[in-house]
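1. structure of the sequence below:
(one chain, ligands or ions: 1)
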Amino acid sequence: MKILLIGSSGLLGNAYAEAAVRRRHKVIALYNQHSPSVDGVHQSIQFDATQPESLTATCLELWPDAIINCAAISSPAEVDANPQLAEKVNVALPRFLAQISTHIGARLIHISTDMVFDGHSAESYRSTDMPAPNNLYGQTKLMAEREVLEHNPEDPVVLRIPILMGNSPRGERSVHEKLLAAIQSGEKPKLFCDEIRQPCSASNVAEVMLELTERRDLHGIFHWAGSDALSRFVMGQRILQHFGLPLDSIESVCKNDDPDFANRPTNLTFNLHPIVSKLKTKPASFEEQLKELTQIRPLNA
Ligand SMILES: NC(=O)c1ccc[n+]([C@@H]2O[C@H](COP(=O)([O-])OP(=O)(O)OC[C@H]3O[C@@H](n4cnc5c(N)ncnc54)[C@H](OP(=O)(O)O)[C@@H]3O)[C@@H](O)[C@H]2O)c1
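-> Okay, here's the model as predicted:
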């Protein structure tokens with residue numbers, strides 16, 4: 001298939017490009033500031049998502065079979081710092097991609113987040129549950145979902161994913177990379193013992209996205225995550241164990257002890273039905289995700 005991949009230089013886009021090239025798809029990799037590092041992509045094109053209509057000619061010329069959107073302002077702090085940019089990249093771009101994919105009959109896979117929910121439910125979230133984001137990042141991602149479904153009513157997939165593990169192209173984006181960098185800079189990170197997440201590796205999500213790219217019988221909103229639910233603190237401990245680092249490099253804190261953190265999610269876990277029974281890819285365990293990790297720089301442990 002001919003695949004137009006937007007956000008190919010990010011943590012997830014990079015993993016998707018690797019998986020799609022391995023499966024011999026023709027990948028046209030779009031990036032903004034960082035040229036993608038995956039061997040075997042057919043073509044790389046610089047693109048500024050704040051002017052999405054500049055993609056029209058590319059789409060009409062290449063006429064891709066699938067458009068995959070991994071581009072986003074993906075850090076909640078960055079969204080708060082620059083809401084206008086976030087609106088353009090996180091909302092206006094998906095709207096345009098939904099319109100152009102409808103026009104050319106391309107499969108559209110758009111990536112969303114567990115943070116469209118507030119994390120205050122005792123149950124794992126189903127894809128049919130009512131979203132209620134509690135930060136601006138989650139609000140932009142929810143608006144994007146609605147734009148995608150409105151402007152591509154026939155063949156869209158919105159895949160909501162959890163916090164991502166894995167090795168990012170520049171070693172600075174994923175959970176373990178941020179944690180180890182903080183420790184390396186002399187911090188003792190405080191991690192919540194009462195915030196439960198269901199992390200997944202970017203490579204496992206990429207396999208799911210590829211199956212969804214190829215399976216045009218599945219449409220709508222789906223949830224994907226790893227098979228294990230853990231607190232932020234336990235995730236940190238397991239990462240330290242994996243790299244043989246002292247467990248006292250991090251500190252356990254309870255968000256329930258501090259009213260400043262009352263709004264943080266307690267439980268951002270996903271119910272993976274119905275998608276989990278329809279795909280060959282299985283959710284990765286946290287142990288499997290750890291085995292993929294490499295340490296970019298040596299730590300002064
Ligand atoms: N990482 C997580 O834990 C996580 C969790 C849940 C959901 N998600 C979602 O998963 C998707 C991928 O996230 P990620 O972690 O892979 O993000 P990332 O590593 O921050 O990568 C973001 C990508 O978006 C591109 N981009 C940003 N601004 C752009 C602009 N103005 N024009 C064109 N491209 C632009 C970046 O290009 P350059 O680098 O070339 O500038 C990069 O390729 C996003 O939709 C995110 O919301 C991520």
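2. contacts, neighbours, all on C-alpha from now
-> Will do.
3. remind me which helix or strand residue 111 belongs to.
-> strand 107-113 (DSSP states H and E).
4. dump the helix or strand that that strand is followed by to PDB, restricted to CA.
-> Following strand 107-113 in sequence order, the next helix or strand is helix 136-151 (DSSP H and E). Extracted in PDB, the C-alpha atoms of helix 136-151 (Å, rounded to 0.1, in the frame of the first residue of the first chain):
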ATOM      1  CA  LEU A 136      -6.500  21.400  27.400                       C
ATOM      2  CA  TYR A 137      -4.500  18.700  25.700                       C
ATOM      3  CA  GLY A 138      -7.300  16.200  26.200                       C
ATOM      4  CA  GLN A 139      -9.800  18.800  25.000                       C
ATOM      5  CA  THR A 140      -8.000  19.400  21.800                       C
ATOM      6  CA  LYS A 141      -7.700  15.600  21.200                       C
ATOM      7  CA  LEU A 142     -11.400  15.200  21.800                       C
ATOM      8  CA  MET A 143     -12.300  18.000  19.400                       C
ATOM      9  CA  ALA A 144     -10.000  16.300  16.800                       C
ATOM     10  CA  GLU A 145     -11.900  13.000  17.300                       C
ATOM     11  CA  ARG A 146     -15.200  14.700  16.600                       C
ATOM     12  CA  GLU A 147     -13.800  16.500  13.500                       C
ATOM     13  CA  VAL A 148     -12.400  13.200  12.100                       C
ATOM     14  CA  LEU A 149     -15.700  11.400  12.600                       C
ATOM     15  CA  GLU A 150     -17.700  14.300  11.200                       C
ATOM     16  CA  HIS A 151     -15.600  14.900   8.100                       C
END
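5. can you tell me the SS state at residue 222?
-> When classified by DSSP: H, G, I helix; E, B strand; the rest coil, residue 222 comes out as strand.
6. which ones are touching it?
-> 127, 157, 158, 159, 160, 272, 274, 275 (CA atoms under 8 Å, 6 or more residues apart in numbering).
7. report the beta-bridge partners for it.
-> The partner list for residue 222 in beta bridges (DSSP bridges) reads residue 159.
8. returning to what we had before: dump the contacts of residue 222 to CSV, plus neighbour count.
-> Below are the contacts of residue 222 laid out as CSV (neighbours: other CA atoms under 10 Å):
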residue, neighbour count
127, 20
157, 27
158, 22
159, 23
160, 21
272, 19
274, 12
275, 16
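9. looking at the residues you listed, which is nearest residue 39?
-> Proximity of those to residue 39 (CA to CA) peaks at residue 159, which lies at 25.8 Å.
10. ok, how many other residues are close to residue 293?
-> 19 (other CA atoms under 10 Å).
11. residues from the stretch 151-300 of the chain in reach of the ligand?
-> Counting by CA under 6 Å from any ligand atom, the positions of the stretch 151-300 of the chain adjacent to the ligand are 161, 162, 163, 164, 173.
12. which ones among those residues map onto strands?
-> Among those, the ones falling in strands (DSSP state E) are 161, 164.
13. hmm, which of the residues of the stretch 151-300 of the chain next to the ligand are the buried ones?
-> Buried by 16 or more other CA atoms under 10 Å: 161, 162, 163, 164, 173, out of those.
14. gap between the first one and residue 271?
-> Residue 161 sits 11 Å away from residue 271 when distances are taken as CA to CA, to the nearest Å.
15. which neighbours do the two share?
-> In contact with both residue 161 and residue 271: residue 223, using CA under 8 Å, 6+ apart.
16. just the pLDDT for the closest residue to residue 71 other than its chain neighbours.
-> Distance criterion CA to CA, 6 or more residues apart in numbering; nearest residue to residue 71, sequence neighbours excluded, is residue 7 at 3.9 Å. For residue 7, the model assigns a pLDDT of 98.
17. verify the stated contact: residue 7 with residue 34.
-> No. If you go by CA atoms under 8 Å, residue 7 and residue 34 don't touch, sitting 9.6 Å apart.
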